[in-house]
Structure formats: structure tokens, C-alpha cells
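[1] Sharing a model that was predicted from the sequence below.
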Amino acid sequence: QAIDEMDAWYTTTAPLVYGQGTAVVTGPNGNAAVITGTGDAAAVTVGDLEDKTAIGPVASKVQFDKIQGLIQQGIDAGADLVVGGTGRPDGLGTGYYVRPTLFANVRSEMKIAQEEIFGPVCTIIPYDSENDAVRIANDTIYGLAASVWTSDLRTAHAAVRGLEAGVIYVNCFDHGDPTQ
């Protein structure tokens, strides 16, 4: 299996909090990721930056409007809206707060899979094989960073060899370079 159930939590929660964007998830764990992500996304606290807040507002009206437009485009393109959506979170009528949003059954050609959203939006793209996952991950004009989540070292090595990204992490994301 390319992703463990514990990793399903990270795959769906971290992109919402850190704005990573797309998770490519397979098989029975794909369903686990969606279920886990639904609860996690709904539980993410949005608001002023306080101890219990995970996500503050985005930087500007321009960015807020861009994110809202991309969420709407995802809905219009037929992605499954699992949680979130357009508009502000309940109780936050003003400010540039974005509802944590999770889409499932996204296709790699959809704009929400291709754009860097820079907001609390995660897209889950199902795949059939590890080669298919690498193909999907490489189907982007950006390719700045990628992360592989697996308990199988051979799977990790094969994925890393196939990925076209500036930085590739295994079982972590953005934890820095331990050699520096």
C-alpha cells in the first residue's frame, strides 16, 4: 500500500493547514483519507491567531477572491465537495477567512489540481498504481516539492526516482534539510 492509515491523517490535514494543496491517495486508504480529512477539516479552528487557532485569514481581498473562485471552479468542474466550500467560516462574517475545504475524486486536469491555491484547500486525486501516482504528481507545471508517504522502502525509492520535483520528502513535508 502506498499510504498508511496514520499517514491518511497527515495527507488530508496538513495540506489544509499548510496550504500544500493536492494529495494523491489510493485504494481503501483513499476512502480512509477522505473520512479522516472530513473530520479533520471540519475540526480546524479558523480565526484570529490565538492558541487554539490553526488557520488565520489569508493576506488580502485579492487572495481571498482567488481562493473563492477556485473553490467554485472545483464545484463546477464536478469534484466532490466533502467539507467546506465558498464563503467564510461560521461566525466570521468579516475578514479574509476561508473555510477549510476538502475535495475528493478530483481529476488531475481540473484547475483546482493544477493551481497553487495558497489557502486551506486540499484536493484528493485517486490513483490505481504507484506508477499512476507518479504520473499524476508529475502532471503539473510547478513541481517545486513533493512528498511520498509509505511504509515500504522500495515504494519510496521507486517514487523518488520517478518524481520530477525540486525537493522530495519521504514521510514528512518541509522539515528542512538535516545536513544543514
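    Arrived safely.
[2] mind checking pLDDT for Glu50?
    pLDDT for Glu50: 74.
[3] part of a helix, is it?
    No: counting by DSSP: H, G, I helix; E, B strand; the rest coil, Glu50 is not part of a helix but coil.
[4] tell me the SS of the residue lying closest to Asp139 once chain neighbours are set aside?
    Leaving aside its chain neighbours, Asp139 sits nearest to Ser108 (4.7 Å; criterion: Cβ to Cβ, 6 or more residues apart in numbering). Where you see a C-beta, it was placed from the backbone N, CA and C, and this is true even at glycine. For Ser108, the assignment made with three-state DSSP gives coil.
[5] start the count at 713, not 1, going forward
    Okay, residue one is now 713; in that scheme the one you just asked about reads as Ser820.
[6] What does the pLDDT read for Ser820?
    87.
[7] Quick one: residues contacting the spatially closest residue to Val833 that is not a sequence neighbour.
    The shortest distance from Val833 to any non-neighbouring residue, by Cβ to Cβ, 6+ apart, is to Thr813 (4.6 Å). Counting by Cβ atoms under 8 Å, 6 or more residues apart in numbering, Thr813 makes contact with Leu728, Ala753, Ile783, Leu793, Val795, Gly796, Gly797, Pro832, Val833, Cys834.
[8] How about Lys764?
    Thr757.
[9] Locate Ile836 within the secondary structure: which element?
    In the assignment (DSSP states H and E), Ile836 maps to strand 833-839.
[10] same question but for Thr806, I mixed them up
    Going by DSSP H and E, Thr806 is not in any helix or strand.
[11] How about the contacts made by it?
    Counting by Cβ under 8 Å, 6+ apart, Thr806 touches Arg800.
[12] Next one: it from Asp840, what distance?
    Distance, Thr806 to Asp840, using Cβ to Cβ, to the nearest Å: 45 Å.
[13] picking up where we left off before, the residue nearest to Val833 and Ile787: what is the separation?
    Distance from Thr813 to Ile787, by Cβ to Cβ: 10 Å.
[14] Find the residues that touch each one of the two.
    Common neighbours of Thr813 and Ile787 (Cβ under 8 Å, 6+ apart) are Leu793, Gly797.
[15] those helices in this protein, which residues are they?
    Applying DSSP state H to the chain gives helices spanning 717-730, 739-755, 773-788, 823-826, 842-850, 865-874.
[16] which stretches of this protein aren't confidently modelled?
    Along the chain, segments meeting pLDDT under 70 span 713-755, 763, 886-892.
[17] how about a cut-off of 50?
    Low-confidence segments of the chain, defined by pLDDT under 50: 713-731, 740, 744, 892.
[18] how far does stretch 825-839 sit from the chain's center?
    Its chain's C-alpha centre and that of stretch 825-839 lie 5 Å apart, by Cα atoms, centre = their mean, to the nearest Å.
[19] Please apply the same query to stretch 870-877.
    How far stretch 870-877 lies from its chain's middle: 19 Å, per Cα atoms, centre = their mean.
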